[in-house]
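let me see the structure of the following:
(2 chains)
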Protein chains: 2
Amino acid sequence: MKTRIGIYGYGNLGKGVEKAVQKNPDTTLVGIFTRRAPERVVSPFGTKVYAADRAEQFIGEIDVMILCGGSATDLMEQTPAVIKSFNVVDSFDTHARIPQHFADVDKAGKEAGHLGVISCGWDPGMFSLMRVYGSSILPDGQDYTFWGKGVSQGHSDAIRRIEGVLDARQYTIPVPAALEAVRAGKNPALTTREKHTRECFVVLKEGADAARIEKEIKEMPNYFSDYDTTVHFISKEELARDHAGLPHGGFVFRSGETSDGTRHMIEYSLKLDSNPEFTGSVLVAVARATAHLAAKGETGCKTILDIPPACLSALSGEELRSHML
Amino acid sequence: MKTRIGIYGYGNLGKGVEKAVQKNPDTTLVGIFTRRAPERVVSPFGTKVYAADRAEQFIGEIDVMILCGGSATDLMEQTPAVIKSFNVVDSFDTHARIPQHFADVDKAGKEAGHLGVISCGWDPGMFSLMRVYGSSILPDGQDYTFWGKGVSQGHSDAIRRIEGVLDARQYTIPVPAALEAVRAGKNPALTTREKHTRECFVVLKEGADAARIEKEIKEMPNYFSDYDTTVHFISKEELARDHAGLPHGGFVFRSGETSDGTRHMIEYSLKLDSNPEFTGSVLVAVARATAHLAAKGETGCKTILDIPPACLSALSGEELRSHML
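Numbers count the residues shown, from 1 in each chain, chains lettered A, B, ... in the order given. Purely as a prediction, here's the structure:
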């Protein structure tokens, strides 16, 4: 029995989920559900496309709906709404609002008898797992998370909102000396500025004031003012040629002691050619687990921290014990 | 309510578990159970020491017994026996015999109404988790496990069994070029010899034939004949001075594609000052999870692949979602 998946929202992430399903032969795609006019959305894999408001017609035909909307505007409403009809998985990544989102999805899921797994991707997601495993095993220790080198969509969007900016791409970059100090077990106390730098590639509208825009970027609170930021002005063509991808990655370290002077270092790193394709692949593995746990009667809300790892795998418990343990 | 732990077997690993309990204030040690004369065993932490055959007197006072015997001779008998009286955790690491051990512990645990979690440590253990997460997320890919640099107890023991050898220490070392090729995403096909080298420090008995012993080591099937092996003869004093520790570590990589040419690399590494102390720390975290799952009525056998990560942590679900997710 294949896990029957629906994709709700067909931007970069929805397309990443669609590709991931092609790599997981025990899963199958029932359809893409979009708020755009469905006849104007074409899947390169021939997946059927439906209007989002037709999703309920597929109750009983979809095991898990993967919600691929954005955290800023979509998911806090969509996930609690769609769980009324389906088991759901999302990649909600606004860390500060996770407790509220969890409560909303848990309540709606329990009422409907469906299971939702929220905040799955790489951070939150794989990096969260590494922080929990690391701190559970080495409670007397410290963890460090670094992001990048990679494109931050939120920071790129923030630059695009500045008057005079046509387009922009922002890279978050870990500071090599900080990475090395952590890796060497020095347990440094690091400020925000010491951990990451920010590099911006900006295309100006005609006649825009480059100096004023550079200043606005560098002084933007929350996004840039606490960082050493570099701004490059480039042409529209250069942006399309050199910065079309969405690579990302990062590092989670846990350093700790088990007795006086006996030290251990755990390092986990990701180097991703495509943030949305990797996130989509995590979502499909979690959808498999969600279908499995829902079939056992689990309802309400979970996160990847609540999922037995074996459930993410297409292999059976016997196969995992024989070949992977 | 603290998790009440017993230690069954008090060698290097049992001592590592005892240290780990000191670092986990939500756990407490009820006692050490030893097959040696208990009055001759002294705990540096003042833990009470009992004869192993008195363990049953502590039924109801111990939530989880952590079995710290060896995989070669002890655990295949001890774990299915002790689970009759207690929930148990072990670090059974003979990969090929895990399915049989699992079946034995599962049967005895279900009959007794207790839960056993076997094969917990770093490999099997954390490395197994990384292989399962990596292959579940990137099913179109390859994984690589490297061990070291670190002391292999099994290989050290194999050298000690050679006639004329007084003592020995063997280090397993990953080949740097192989590590780099994997890290660069080249997906190399690597022979056993290309992945690891073996370095041996040997103390001879008086009058022993060094040349014959070096030849016997290098030609020993399974252990050394498939590797490039270096043998150093040193004094008993040098061995004690320079090779007293039991450091270890290693790497798990998963490299995979999510679409044509879109590649991702996951790397997990451990650098451990003390193999038994780190393994002991994993066992204590798993004991916490075992007590939790047993209290919910779970019985039989599980591995770390079946444990929801959140159960390993001393933090609540709310705390994990607020601070670690």
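
residues near A:V30, how many?
For A:V30, the tally of surrounding residues (other CB atoms under 10 Å in any protein chain shown) stands at 18. No exception for glycine: its C-beta is placed from N, CA and C like everyone else's.

and it, what does it touch?
A:4-6, A:48, A:58, A:61-62 (CB atoms under 8 Å, 6 or more residues apart in numbering or on different chains).

show me those that map onto strands.
Members of those lying in strands (criterion: DSSP state E): A:4-6.

kindly indicate which of those lies nearest chain B.
For those, the minimum distance to chain B (CB to the nearest CB) is 14.6 Å, reached by A:I5.

how about A:E267, phi and psi?
With angles defined as degrees, to the nearest 10, A:E267 sits at phi -130, psi 130.

make that A:S316, sorry
Torsion angles, degrees, to the nearest 10, at A:S316: phi -80, psi 170.

same question for the one 3 residues further on.
Note on A:E319: its backbone torsions stand at phi -60, psi -40 [degrees, to the nearest 10].

separation between it and chain B?
Between A:E319 and chain B the computed distance is 10 Å (CB to the nearest CB, to the nearest Å).

check what pLDDT the residue lying farthest from the centre of chain A gets.
Largest separation from the mean C-alpha position in chain A: A:D260, at 37.9 Å (CA atoms, centre = their mean). Per-residue pLDDT puts A:D260 at 95.

A:F146 now?
The predicted structure scores A:F146 at 98 on the pLDDT scale.

got it, and A:K110?
Looking at A:K110, its pLDDT is 98.

quick check: closest non-adjacent residue to it.
With CB to CB, 6 or more residues apart in numbering or on different chains as the criterion, A:K110 has its nearest non-adjacent residue at 4.5 Å, and that residue is A:G300.

the closest residue to A:S225 other than its chain neighbours - how many residues pack around it?
Nearest non-adjacent residue to A:S225, counting by CB to CB, 6+ apart: A:E219, 5.5 Å away. By the criterion of other CB under 10 Å, A:E219 has 11 neighbours.

how close does the residue of the stretch 101-250 of chain A found nearest chain B sit to B:A314?
Closest contact between the stretch 101-250 of chain A and chain B, by CB to the nearest CB, is at A:S136 (4.1 Å). Computed with CB to CB, to the nearest Å, the distance linking A:S136 and B:A314 is 7 Å.

shared neighbours, these two?
By CB under 8 Å, 6+ apart, A:S136 and B:A314 have these common neighbours: B:R288.

of those two, which one has the most company?
Higher neighbour count among A:S136 and B:A314: A:S136, with 26 against 15, using other CB under 10 Å.

for the more buried one, list the residues it contacts.
Neighbours of A:S136 in contact, by CB under 8 Å, 6+ apart: B:285, B:288, B:309, B:312-314.

ok, A:A81 next?
Each residue near A:A81 by CB under 8 Å, 6+ apart is listed here: A:A108.

now it: phi and psi?
According to degrees, to the nearest 10, A:A81 has phi -80, psi -50.

kindly report the residues of the stretch 51-200 of chain A close to chain B.
Neighbours of chain B within the stretch 51-200 of chain A, by CB under 8 Å from any CB of the partner chain: A:95, A:98-99, A:102, A:119, A:124, A:126, A:128-129, A:131-133, A:135-140.

buried among these? Make that a PyMOL selection.
Here is the PyMOL command that picks out the buried ones among those, judged by 16 or more other CB atoms under 10 Å in any protein chain shown:
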select buried, chain A and resi 95+98+102+119+124+126+128+129+131+132+133+135+136+137+138+139
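
host element of A:E77?
Element membership of A:E77 [criterion: DSSP states H and E] is helix A:75-82.

now A:L293
helix A:275-295.

buried set for that helix?
Across helix A:275-295, burial judged by 16+ other CB under 10 Å covers A:275-294.

do the same with stretch A:200-218
So for stretch A:200-218, counting by 16+ other CB under 10 Å, buried means A:200-204, A:208, A:213-214, A:216-218.

for the residues you listed, which two are the farthest from each other?
Spatial extent of the buried residues of stretch A:200-218 (CB to CB) is set by the pair A:V203 and A:K218 at 17.5 Å.

now do the contacts for A:I266.
Residues in contact with A:I266 (CB under 8 Å, 6+ apart) are A:130, A:133-134, A:137-138, A:253-255, B:126, B:268-270.

in strands only, show me those residues.
In this view, these that belong to strands under DSSP E are A:253-255, B:268-270.
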